[in-house]
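Asker: Quick one, structure for this:
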Amino acid sequence: MSDLYVVSCSAKKVWEGHRAKPYLPAKQAYVGKTFQEFRRYAEAKGLKWEILSGKYGFIEPDHPIGWYDVYLGSLGSIDAESLLAQTVQLRLYRGRYFRLVDFNPIWVVNCDPVYSQYLQNAFPGKDVREFDRREFTQTA
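Answerer: Okay, here's the model as predicted:
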């Protein structure tokens, strides 16, 4: 299969200081600047991308989520074993079933060292690469 881009969720969410629906698609809920810049880039390029959420693990951009404040490795976060299991679960994408582990390479987008390590562990033996954020961030 083709490339998979995995972007970190953002700590900043739409519910902070605003009234919003209790559940929104993840791509609308995470409002951090870098996350939204990558979202626009990925959508414009037609990339296959997933979000690495501290609470939910790997989620698709349209997956509805509610407010949470959980960081990978903290109390209430998804564990490494569950992330690994998610990579082999069947998912539906563009009318076809696939597994995250079927993609190669796996591009790590905007992940800090903790999230990057979780990604490396979730895809053992895969080509996991850092994606240069200069590819999608806007300069002033």
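Asker: what's the top helix by length along the chain in contact with?
Answerer: Taking DSSP state H as the criterion, the chain has its longest helix at helix 33-45. By CB atoms under 8 Å, 6 or more residues apart in numbering, the surrounding residues in contact with helix 33-45 are 5, 7-10, 27, 30, 47, 49, 61, 109-110, 133, 135-138. Placement of C-beta: from N, CA and C, glycine included.
Asker: Pull out the buried residues from it.
Answerer: T34, F35, F38, R39, Y41, A42 (16 or more other CB atoms under 10 Å).
Asker: Tell me which two in these are the farthest apart.
Answerer: Greatest spatial distance among those (CB to CB): T34 and A42, at 12.3 Å.
Asker: before we move on, the earlier item: are any of the contacts of helix 33-45 buried, and which?
Answerer: Buried among these by 16+ other CB under 10 Å: Y5, V7, S8, C9, S10, K27, Y30, W49, P61, V109, N110, F136.
Asker: separation between the last one and G32?
Answerer: In this case it means F136. Separation of F136 from G32 (CB to CB, to the nearest Å) stands at 13 Å.
Asker: which stretches of this structure form helices?
Answerer: Under DSSP H, the chain gives helices at 26-29, 33-45, 80-88, 113-122.
Asker: I'd like to know which of those is closest to R129.
Answerer: Among the helices of the chain, helix 113-122 comes nearest to R129, with 10.2 Å by CB to CB.
Asker: Send over that closest one as CSV, restricted to the C-alpha atoms.
Answerer: Written as CSV, here are the backbone C-alpha positions of helix 113-122 (Å, rounded to 0.1, in the frame of the first residue of the first chain):
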residue,chain,number,x,y,z
PRO,A,113,9.6,12.3,21.3
VAL,A,114,7.1,10.4,23.5
TYR,A,115,4.5,10.2,20.7
SER,A,116,7.2,9.3,18.1
GLN,A,117,8.4,6.4,20.3
TYR,A,118,4.9,5.1,20.7
LEU,A,119,4.6,5.2,16.9
GLN,A,120,7.9,3.3,16.4
ASN,A,121,6.7,0.6,18.9
ALA,A,122,3.3,0.3,17.2
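Asker: That'll do, ta.
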